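Enquirer: 3D, please:
(3 chains)
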Amino acid sequence: MIVDKHGSPLSTLKSDSPDTKHGMILYVEDVSVSFDGFKALNDLNLYIGDGELRCLIGANGAGKTTLMDVITGKTRPDTGKVSFGQQIDLLQLDESEIARAGIGRKFQKPTVFEALSVFENLELSLAGDKGIWNALFHKLSGEQKDKIDEVLTTIGLTAEQHYPAGRLSHGQKQWLEIGMLLAAEPRMLLVDEPVAGMTAQETERTAELLTSLAGKHSVVVVEHDMAFVRSIARKVTVLHQGSVLAEGSMDEIQENKDVREVYLGEEQA
Amino acid sequence: MLRLFSLLFFCVISFNASAAVSETQDNSALVALVEQLPSTKLNKMAPLIKAIAATSTPQVQDILQPLMTGDLYYLKSNKQVVAAHKNEQNQYQLTDVLTAEVLPAVAKSAIKKVRTNNRLRGQIRDLLANLDLTHQDKTVRLEAVKQLLQNPNQTGITSVTNLIKGEQDEQVRELMLVILLIDQLDTGSTAEKLSAAQQLSGRLESKVKNELVKQLDLLPEQPENEELRAVLSQSIDDIEQQATVYGLVENLFFGLSLGSVLLLAAIGLAITFGVMGVINMAHGEMMMLGAYTTYVIQQMFPNLIEYSLLMAVPAAFLVSGFVGVLIERGVIRFLKGRPLETLLATFGISLILQQLVRSVFSPLNRQVQAPQWMTGSLEINPMLSLTYNRLYIILFALMVFFSLLMILKKSSLGLHVRAVSQNRDMARALSIKSSWVDAITFGLGSGIAGIAGVALSQLTNVGPNLGQAYIIDSFLVVVFGGVGNLWGTLVAAMTMGTFNKFLEPSMGPVLSNIIVLVGLVLFIQKRPKGLFPQKGRSAD
Amino acid sequence: MKHLLNSPMVKKMSSLHFVIAILFISTFYVTLCNLVFPEGSLLHVSDYTVSLLGKYLCYALLALAVDLVWGYCGILSLGHGAFFALGGYAMGMYLMRQIGDRGVYGNPELPDFMVFLNWTELPWYWAGSDNAFVMILLVFAGPGLLAYIFGSLAFRSRVSGVYLSIMTQAMTYALLLSFFRNEMGFGGNNGLTDFKEIFGFSLQSPNTKLALFIATAVALAIGYAISHFIVNSKMGRVVTAIRDAEDRVRFVGYKPQHYKVWIFVVSAMLAGVAGALYVPQVGIINPGEFSPLNSIEIVIWVAIGGRGTLYGALVGAVVVSYAKTRFTAIMPEAWLFGLGGLFVLVTLLLPKGLAGLVSNLMDKVDPPSKAKQSEDPALQATTAENK
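Expert: Model prediction:
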């Protein structure tokens, strides 16, 4: 196991941090996944640049969540290649190894550790040694406590830090989950429908947060809320029936004939 | 036309007349012989019995049978020979052996037994058997030939030699040939032995193999015997090869019947666990209730044992199904979505049910009778016979399986069940009463367990622990087959049953059981979703 | 800094001291009453009672082991009786060898049952069984190894929930069948019994019994302290997180299977120690200890006491075992009704067990003030019910 004693802020796999010489942090090439004959992903290709903020849109069943599952190791593709940077083959790693390599994920349905307090949720998410012996004898360092406090401030849950996470409202859980991502300081964030169940102000705050993260981190956002996508997106990828239908800026996408026909056309109908 | 009729008529008359004449002739001879019975000494009995048998009259059976079993007496007063049986008043019920006339019952002191000894009894058995060789009913003839094959005697072999040409029935004739061949092997010349050994190759009767082996052992080690030796060994090998094949078939049969029991036990669970996601540790006790229902029905209608199982099937279904619905309404529905708690609560219920049965029926095993039609076996050939109870269980299990499959696939109940199991909220939105469907589904699963209990009552002891023995196995079957997949359950049950039975001869029942258990645990760890997993994103 | 003082860790510390203090006081009291007051005195505690209490403490340790995996990690093991029994057999083997030539057949080397089976030498796995250190090693290694093999197979392939429970039950069932076989070399049906002495002290002597009782109390205290340390470390929080959302833990970067195996092994060893202490006090170990029913009874102790609270497990084990002793003496028929009823009632009405009931009552008597509210939920968080 590769262990980083110093708790490097970006990744525990120091020697294996993703090689982004070519400016790309994620390579998804010719990936296909099928469930009982249904092709969830069909020869999909996707490249995410280092520090980029990318939005993924597509109708239900277009393969957005399956793509997330493949990247984070939850689902193994039938064929294709997925690598983090140039050299880290994600298909060789399991979910926890992928997380430690620096890919964080926020789920569609917020899942936090309900029996643990908000503070403890963040503590578990901190980057660092995730091994057993460390867990047994671990004491929080001042630096780590500062980090948690900082995240608590960012997500606005400082007052609720000793509440069990199960008692939070839906929106607060969304924030806590985002906070857990922040605490882990991943190189890349996959964010599945971050603003579902949030108020307009919260949505705005989320948009700000995500745009501020881009640059230092790569961010991939899956979202249905078109207004939200427009407010944050620089580049948008449209998925349709398991493949990439179109890619480009929001305006380009809206002008795209295929997209209008397939996606927006459907929505208007 | 009329001529023809009259001709026929005369023929019939004359035939009857001649038969009647010969009968009276024989009869007088028989009467004379029977009269000698009371006075003949034991050492002179043998020729007398032979002579009686030689008359070939219908009465011979009536005389010799009681003589063999020690029920032949004569009246002290007039030396009339009778068959006597003790009645309930401790008197003897008499039947004249010649006329079949029933005489008034008498005290023991009025009659005296016609004496025999073991040697005579053996002789009588042979004579009776040979008598049957000419019986008009071919099943009687077949029995007689089999009897002779097992206990060959010279008189029998002689009559077979005479009878074989005239024998109409293929099966009887073949067996007769085997008897003659064995005799030839025993007493014939080397050439005859050689041909006999060749012809006996591949016969499945155990006697044949024994004889061949015996001959091979007896054969002196001489060069001129080499050919015979080779032929004998070849024939024995052929027989053994066949024996192996039939042994495998028999094992397969045993395996399938065990698999059917597992299937019956697991199929109800496949519904409650597989379709509803509810783990019911009291499932075994539902089977136990079914078995006890069978017992109660037999106690209630002691005269209808033949029909008891037919009555027990619906009764057990209702009893276990009703208890199942009670459990669902009273406990399980409060534990929705908490499988581990459901497991514990239903385990508690299983303890209560066990103790209930113990208190009501006693902790001892109860005797459930098998109806006539479940006993005996279907003989395919001398090496392979399938017992009816196992055969019926296999059929029954498949019947239950397919009816259930139909119910789930075709009926509206099945549609509702599947709808609720796949998406409870959606089903509710479509105004399916999910709570009602749950209760019925659970009742159905439990009812089927009850039916399984009826079948089990024919195979194992009916006691309070009957269910416990099957619960782990049935869970493994369901998990092995893939949860929510009835076909998987079928395949898994049959695989497990067959595997177990094939291991058993070499390992013994306990070790094979352990090996199957361990094997399954390993398998499930390798493929947690069983043989036929449900794939897809929603399955996670 | 403030949150540290108010954190559950500080609060919890007192519960550890409290439990250990109670254990110490009651052990001291029992010892005193057994030794000082003469038989017939009102305050006298009989040797029989001492052994009985010792037995209860073994059960308490066993319940603690189950609580650790079930209450905190969500692994409902229906096979912990197997680890208990293995620890017991390890001790039983040692005690068997201590009989020496005092057995019925007087064979200095072989235990009676082997002589009876016409065996001429010890099977290889009995080698060194007369050595106390080997025995102690086996008490830990036997259950630990089984738990490791089973756990790493099961947890790596992500068998969980009800499936895992059934698997554990099948495991103990398979062991039950195996140990019934004479060929296994563990005394078959009758198991190991007729022990004479332990570490050179006669097992019949009241002082040995008292010493065993004290040893059990000490073992329980150590076991409790270890468990307490584990559940209050970051390990405990990871494990609780695994209980509630195993998938999510993976995406945070932990390998749940490693944690599960680790805690399963620790728990199995605790159970093994309980078994090892149990055997000399009851004088026998037989395959019946592997029966699935036994394992499930342990679970009900924990459920009744309140899983997810360590002291709840102890209370549950002692209360239910005491009830069983009383019940089976007065009306043996009713015990299974009672036990079965307990299963149903506790799962339906008392999902948090007695511990939950007590904490609810406490809340009613002393409703949490405004100031306390911020910390109170966190306290409850650790006892929150399993999803």
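Enquirer: part of a helix, is B:Leu503?
Expert: Yes - the assignment for B:Leu503, made by DSSP: H, G, I helix; E, B strand; the rest coil, places it in a helix.
Enquirer: unless I'm mixing things up, it is touching B:Ile515, no?
Expert: Yes - if you go by CB atoms under 8 Å, B:Leu503 and B:Ile515 touch, sitting 6.0 Å apart. Quick note: C-beta positions are derived from backbone N, CA and C, even for glycine.
Enquirer: So for those two, which sits in the more crowded spot?
Expert: Shown here are B:Leu503 and B:Ile515; by other CB atoms under 10 Å in any protein chain shown, B:Leu503 has more neighbours (20 against 15).
Enquirer: Check what pLDDT that one gets.
Expert: Listed pLDDT for B:Leu503 reads 84.
Enquirer: now it: how far from B:Val510?
Expert: Note on B:Leu503: its distance to B:Val510, by CB to CB, to the nearest Å, is 11 Å.
Enquirer: B:Gly453 now?
Expert: Using CB to CB, B:Gly453 is found at 24 Å from B:Val510.
Enquirer: Settle it for me: which of these two has more neighbours?
Expert: Each of B:Gly453 and B:Val510 has its neighbours counted (other CB under 10 Å); B:Gly453 has more, 33 against 14.
Enquirer: How many neighbouring residues does residue 28 have?
Expert: As the question left the chain open, I've gone with chain A. By other CB under 10 Å, neighbour count at A:Val28 equals 21.
Enquirer: that answer is for a different chain, and I need it for chain B
Expert: Count around B:Ser28 with other CB under 10 Å applied: 11.
Enquirer: That one in helix, strand or coil?
Expert: Strictly by three-state DSSP, B:Ser28 counts as helix.
Enquirer: same thing with B:Met399?
Expert: Three-state assignment for B:Met399 (three-state DSSP): helix.
Enquirer: Equivalent analysis for the one 10 residues further on, please.
Expert: Remark: B:Lys409 carries the secondary structure label helix [criterion: three-state DSSP].
Enquirer: what about it, distance to chain A?
Expert: B:Lys409 is 18 Å from chain A, where distance means CB to the nearest CB, to the nearest Å.
Enquirer: burial count for that residue?
Expert: The burial count for B:Lys409: 11, using other CB under 10 Å.
Enquirer: do the same with A:Ala227
Expert: Close neighbours of A:Ala227, defined as other CB under 10 Å, add up to 11.
Enquirer: Then C:Lys234?
Expert: Taking other CB under 10 Å as the neighbour definition, C:Lys234 ends up with a count of 18.
Enquirer: My read is that it contacts A:His138, right?
Expert: Yes - judged on CB under 8 Å, C:Lys234 makes contact with A:His138 at a distance of 4.3 Å.
Enquirer: Wait, B:Tyr388 touches B:Trp373, no?
Expert: Yes - the pair B:Tyr388 / B:Trp373 is scored as a contact, 6.9 Å apart, by CB under 8 Å.
Enquirer: Neighbour count: the two, which is higher?
Expert: Using other CB under 10 Å as the criterion, B:Tyr388 and B:Trp373 rank with B:Tyr388 on top: 16 against 11.
Enquirer: Let me know how buried B:Leu466 is, in neighbour terms.
Expert: Neighbours of B:Leu466 using other CB under 10 Å come to 25.
Enquirer: Show the pLDDT at it.
Expert: For B:Leu466, the predicted pLDDT is 85.
Enquirer: and the residue in chain C that chain B sits nearest to, what does it touch?
Expert: Residue of chain C nearest chain B, by CB to the nearest CB: C:Phe343 (2.4 Å). With contacts taken as CB atoms under 8 Å, 6 or more residues apart in numbering or on different chains, C:Phe343 has the following neighbours: B:Leu344, B:Ala345, B:Phe347, B:Gly348, B:Ile349, B:Leu351, C:Ile300, C:Ala303.
Enquirer: please redo it, this time with the cut-off set to 6 Å
Expert: B:Leu344, B:Ala345, B:Phe347, B:Gly348, C:Ile300 (CB atoms under 6 Å, 6 or more residues apart in numbering or on different chains).
Enquirer: Quick check, pLDDT for the last one.
Expert: According to the model's per-residue confidence, C:Ile300 sits at a pLDDT of 87.
Enquirer: Count the neighbours of it for me.
Expert: 23.
Enquirer: Helix or strand: which one has it?
Expert: helix C:292-305 (DSSP states H and E).
Enquirer: Which helix or which strand is home to the nearest residue to the residue of chain C closest to chain B once chain neighbours are set aside?
Expert: Spatial nearest neighbour of C:Phe343, excluding adjacent residues (CB to CB, 6 or more residues apart in numbering or on different chains): B:Gly348 at 2.4 Å. Assigned by DSSP H and E, B:Gly348 belongs to helix B:339-361.
Enquirer: next structured bit after that helix?
Expert: strand B:377-381.
Enquirer: Now that next one: average pLDDT?
Expert: 77.
Enquirer: Describe which strands that strand pairs with in its sheet and in which direction.
Expert: strand B:384-387 (antiparallel) (DSSP bridges).
Enquirer: Only C-alpha atoms, please: export the strand it pairs with in CSV.
Expert: Output of strand B:384-387 as CSV, limited to C-alpha atoms (Å, rounded to 0.1, in the frame of the first residue of the first chain):
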residue,chain,number,x,y,z
LEU,B,384,-32.6,-50.4,-10.9
SER,B,385,-35.8,-49.8,-9.1
LEU,B,386,-37.2,-46.4,-8.2
THR,B,387,-39.2,-46.1,-5.0
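Enquirer: List the contacts of it.
Expert: B:Tyr246, B:Glu250, B:Phe253, B:Ser377, B:Leu378, B:Glu379.
Enquirer: neighbour-wise, which of these leads?
Expert: Counting by other CB under 10 Å, top hit in the contacts of strand B:384-387: B:Phe253 with 20 neighbours.
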